[in-house]
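Undergrad: show me how the following folds:
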Amino acid sequence: MSSYEESMSDILNELYATIIDRQQNPKPGSYTTSLFNAGEDELVKKVGEEAIEVIVAAKGQADLRLIEESADLLYLLWVLLAWRGVTPEQVMTELERRHRK
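TA: Here you go, the predicted structure:
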């Protein structure tokens with residue numbers, strides 16, 4: 001694994017760990033805590049909104065905007081995974097399974 005891949009993996013794992021911590025130890029004023037408090041319907045809606053924003057950015061905005069919206073989508077996807085009790089490792093296992101076909 002390259003240092004870039006290790007760095008990316010570390011960042012995503014740290015993000016997920018922080019999200020799990022906010023789920024288990026809610027923090028007043030935390031955006032992540034507010035997402036968990038809002039409930040599944042609101043969280044799913046936010047993921048959908050961000051997915052649309054990624055599409056809009058890809059179709060006519062600067063690369064920086066696409067990067068920003070992609071980061072938002074990944075974060076919200078990680079929150080949704082935590083909500084459902086699904087781990088990033090499970091997603092990575094599925095990606096690996098598909099890659100090896």
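Undergrad: which residues does K46 contact?
TA: L35, L76 (CB atoms under 8 Å, 6 or more residues apart in numbering). Where C-beta positions appear, they are placed from N, C-alpha and C, glycine not excepted.
Undergrad: assign it to helix, strand or coil.
TA: helix (DSSP: H, G, I helix; E, B strand; the rest coil).
Undergrad: surely A82 touches D21?
TA: No - using CB atoms under 8 Å, A82 is not in contact with D21; the gap is 9.9 Å.
Undergrad: just give the number of residues close to V86.
TA: 12 (other CB atoms under 10 Å).
Undergrad: ok, the one 5 residues further on next?
TA: Around V91 sit 13 other residues, with neighbours defined as other CB under 10 Å.
Undergrad: where in this protein is pLDDT low?
TA: Low-confidence segments of the chain (pLDDT under 70): 1-2, 4-6.
Undergrad: let's go with 80 and repeat that
TA: 1-6, 8, 101 (pLDDT under 80).
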